[in-house]
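Asks: I'd like to go over a predicted model; first the sequence, then the structure.
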Amino acid sequence: MNSAIVKRSVVVAGKKTSVSLEDMFWLALKEIAAQKRMALGEMLDTIAGGRDNANMSSAVRQYVMQHYYSAAQPTRPMVRPDFFLQNVTGT
């Protein structure tokens, strides 16, 4: 598995920016967006709106981690509040 970080150009809240993510996180984010029937840009906007001083790349990684942790441990919430999920449709 390739773990190299790749910088990708994206539009978040109408502004061009970039996120540097490993392929695994990028593919997981796309999969989550498809499951929720959301456009990738819409999901990135939601993540950006819920982050608290984390850079966008870190916010995406935290969102993906939270999503899969919640799926694996539905009765055991993460210690950290799940502010990334509060406004995402389908959670």
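Replies: Ah, there it is. Residues are numbered from 1 along each chain as shown.
Asks: strands along the protein, start to end?
Replies: Counting by DSSP state E, the chain has strands at residues 5-12, 15-22.
Asks: for this structure, longest helix please?
Replies: Ordering each helix of the chain by length in residues (DSSP state H) puts helix 56-72 first.
Asks: relative to residue 10, how far out is residue 25?
Replies: 13 Å (C-beta to C-beta, to the nearest Å). Yep, even glycine has a C-beta here, placed from its N, CA and C like the rest.
Asks: and what of residue 56?
Replies: On the measure of C-beta to C-beta, residue 56 and residue 10 end up 8 Å apart.
Asks: any common contacting residues for those two?
Replies: 17, 19, 44 (C-beta atoms under 8 Å, 6 or more residues apart in numbering).
Asks: reformat the residues you listed as CSV; add neighbour count.
Replies: What follows is these, written out as CSV (neighbours: other C-beta atoms under 10 Å):
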residue, neighbour count
17, 15
19, 23
44, 23
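Asks: ok, of these, which one's closest to residue 70?
Replies: Nearest to residue 70 among those, counting by C-beta to C-beta, is residue 44 at 19.1 Å.
Asks: next up, the contacts around that closest one.
Replies: 10, 11, 12, 19, 56, 60.
Asks: any of these buried? List them.
Replies: 10, 12, 19, 56, 60 (16 or more other C-beta atoms under 10 Å).
Asks: among the strands of the chain, which is nearest residue 35?
Replies: Nearest to residue 35, of the strands of the chain and by C-beta to C-beta, is strand 15-22 at 18.2 Å.
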